[in-house]
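Asks: Model the structure of this input:
(2 chains)
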2 protein chains.
Amino acid sequence: MPHESPGSPPSDPPGPDASRRSDRARRAILSATRDLVAEVGYTRLTIEGIAAAAGVGKQTIYRWWRSKAAVLFDAILEVNSHEQGSVDLPDTGDLESDLRLVLRGTVAALAEPANDRLQRAIAAEIQTDISVAEELVRRLLRPQLDACAARITLGIRAGQVDESVDADLAVELLFGPIFHRWLLRTGRLDDQFADNILALVLKGLRPH
Amino acid sequence: MPHESPGSPPSDPPGPDASRRSDRARRAILSATRDLVAEVGYTRLTIEGIAAAAGVGKQTIYRWWRSKAAVLFDAILEVNSHEQGSVDLPDTGDLESDLRLVLRGTVAALAEPANDRLQRAIAAEIQTDISVAEELVRRLLRPQLDACAARITLGIRAGQVDESVDADLAVELLFGPIFHRWLLRTGRLDDQFADNILALVLKGLRPH
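Replies: Residues are numbered from 1 along each chain as shown, chains lettered A, B, ... in the order given. I've put the predicted structure just below:
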């Protein structure tokens, strides 16, 4: 991210104060974006609205991001990296317990009210806007799915998962039912459901 | 459905002509509803718009349906019952082939462009409108999920599925990944994907 402090002339190299102000502005913009999209939806989200809510000039946002989708996904990624740690899955050697942590984390993230609204605004938007969907998949979903597949691949090497198993497919079996319930609202999302899904999927993955 | 012919005085009992006209009006309304929601989305769908597109009076629609959600789900159910037959699953004795038929049918239904737009309009709407979600689950999703669970229960009785398996959960393992791909646009939906999901799920369901 370029160093820049709203309302003051650019300095090069920036002093520690400029850096701090710049970081504060950035966090205010991302936080305002999360609040706004949850409140008004993606379609009515505007750079002007974000700037006003964050107390910065519109140009500050345009200097750092090329589109509202770009701001939005940085805003989501900021929260996700706080909540869920890095995208790498733990490898304690116990596949079931490592996957349980991730699935329960996913359920908890979807259940949290502000995050629920935010993610639903995006879920609604991608039904008609393919470019936002591509951004979502590339920046958020694919890294999570791939990290989970990598953990299952370690399980194959450790002999805990049958070597014929397609790790990418197994991951969709784990996440699919959770997002199916959440997106179509067919049932309650809780740890018990995550654990039940995991147990049934693991039955099919074991070496035979 | 009450017998009624738009633009003519009610007759009791209605003659065959009135019945035919009434049926024609009903089908025109449902067809116009499907076209319109795919085109403008659920939010901008109106009874006035449907009436105009179907060439009937607004009052004709209000006489038969209490809300636009009610018209919409009749419109969807009319298509689904044509395309997929009744909600009961086939029971040929071969569980895998019966389930394959249903999963491939689901994939085909989602891939069909007009149906894709229609279902995406609803998927977007239910992210914010809980009452439409409840209607969708009650009238469309739950019956399909239950019918599939009933077929798996027959498989348990026939000794093809382990008796410890929760049939409802197994169904979510089958449909979850398909809707996950479709709703979040994470990958391609085709027969091969449906078959791969089915094969992996069935591994976990077999008696041990």
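Asks: do stretch A:171-180 and chain B meet?
Replies: Yes - against chain B, stretch A:171-180 shows contacts by Cβ under 8 Å from any Cβ of the partner chain at A:Glu172, A:Leu173, A:Phe175, A:Gly176, A:Pro177, A:Ile178, A:Phe179, A:His180. Every C-beta, even on glycine, is put in place using the N, C-alpha and C of the backbone.
Asks: who wins for neighbours among the residues you listed?
Replies: Highest neighbour count within the residues of stretch A:171-180 next to chain B, by other Cβ atoms under 10 Å in any protein chain shown: A:Pro177, with 31 neighbours.
Asks: how far away is the residue nearest to that one when sequence neighbours are not counted from B:Val102?
Replies: In space, and not counting its chain neighbours, A:Pro177 is closest to B:Gly176: 3.4 Å by Cβ to Cβ, 6 or more residues apart in numbering or on different chains. Counting by Cβ to Cβ, to the nearest Å, the separation of B:Gly176 from B:Val102 is 14 Å.
Asks: again with A:Asp35
Replies: Distance, A:Asp35 to B:Val102, using Cβ to Cβ: 42 Å.
Asks: quick one, which of the two is more surrounded?
Replies: Each of A:Asp35 and B:Val102 has its neighbours counted (other Cβ under 10 Å); B:Val102 has more, 21 against 17.
Asks: ok, now which ones touch the residue nearest to A:Pro177?
Replies: Contact analysis of B:Gly176 by Cβ atoms under 8 Å, 6 or more residues apart in numbering or on different chains lists A:Leu173, A:Phe175, A:Gly176, A:Pro177, A:Ile178, A:Phe179, A:His180, A:Arg181.
Asks: pLDDT at the fourth one, what is it?
Replies: Just to be clear, that refers to A:Pro177. A:Pro177 is assigned a predicted lDDT (pLDDT) of 98.
Asks: moving C-terminal of the least confident helix or strand in chain A by mean pLDDT, what's the next helix or strand?
Replies: Ranking every helix and strand in chain A by mean pLDDT, DSSP states H and E puts helix A:68-84 at the bottom, with a mean of 76. Helices and strands here follow DSSP states H and E; after helix A:68-84, the next one along the chain is helix A:95-111.
Asks: and the next element down the chain from that following helix?
Replies: Helix A:95-111 is succeeded, C-terminally, by helix A:113-125 (DSSP H and E).
Asks: Please parse chain A into its domains.
Replies: Chain A breaks down into these domains under automatic domain parsing: A:16-67, A:86-205.
Asks: TSV please, covering those and showing distance to B:Leu145.
Replies: Formatted as TSV, the domains of chain A follow (distance: least, Cβ to Cβ, whole Å):
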stretch	distance to B:Leu145
domain A:16-67	29
domain A:86-205	7
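Asks: what is the rounded mean pLDDT of the lengthiest helix in chain A?
Replies: Longest helix of chain A, by residue count under DSSP state H: helix A:16-40. Averaged across helix A:16-40, the pLDDT comes to 90.
Asks: next one: stretch A:48-55
Replies: 96.
Asks: Now, the contacts of B:Gly176 that are in helices?
Replies: Secondary structure from DSSP H places A:Leu173, A:Phe175, A:Gly176, A:Pro177, A:Ile178, A:Phe179, A:His180, A:Arg181 of those in helices.
Asks: hang on, the earlier thing: from the chain's centre, how far out does the longest helix of chain A sit?
Replies: The chain centroid and the centroid of helix A:16-40 are separated by 17 Å under Cα atoms, centre = their mean, to the nearest Å.
Asks: now swap in stretch A:114-128 and tell me
Replies: Using Cα atoms, centre = their mean, the offset of stretch A:114-128 from its chain centre is 12 Å.
Asks: And for stretch A:186-201?
Replies: Centre-to-centre, stretch A:186-201 and its host chain are 20 Å apart (Cα atoms, centre = their mean).
Asks: Is it in proximity to chain B?
Replies: Yes - using Cβ under 8 Å from any Cβ, we find that stretch A:186-201 touches chain B at A:Thr186, A:Gly187, A:Asn196, A:Ile197, A:Leu200, A:Val201.
Asks: Now tell me what touches the host helix or strand of the last one from outside.
Replies: Taking DSSP H and E as the criterion, A:Val201 maps to helix A:191-205. With Cβ under 8 Å, 6+ apart as the contact definition, helix A:191-205 has outside contacts at A:95-96, A:99-100, A:103-104, A:106-107, A:152, A:155, A:161-162, A:165, A:170, A:173-174, A:177-178, A:181, A:187, B:165-166, B:169-170, B:172-173, B:200-205, B:208.
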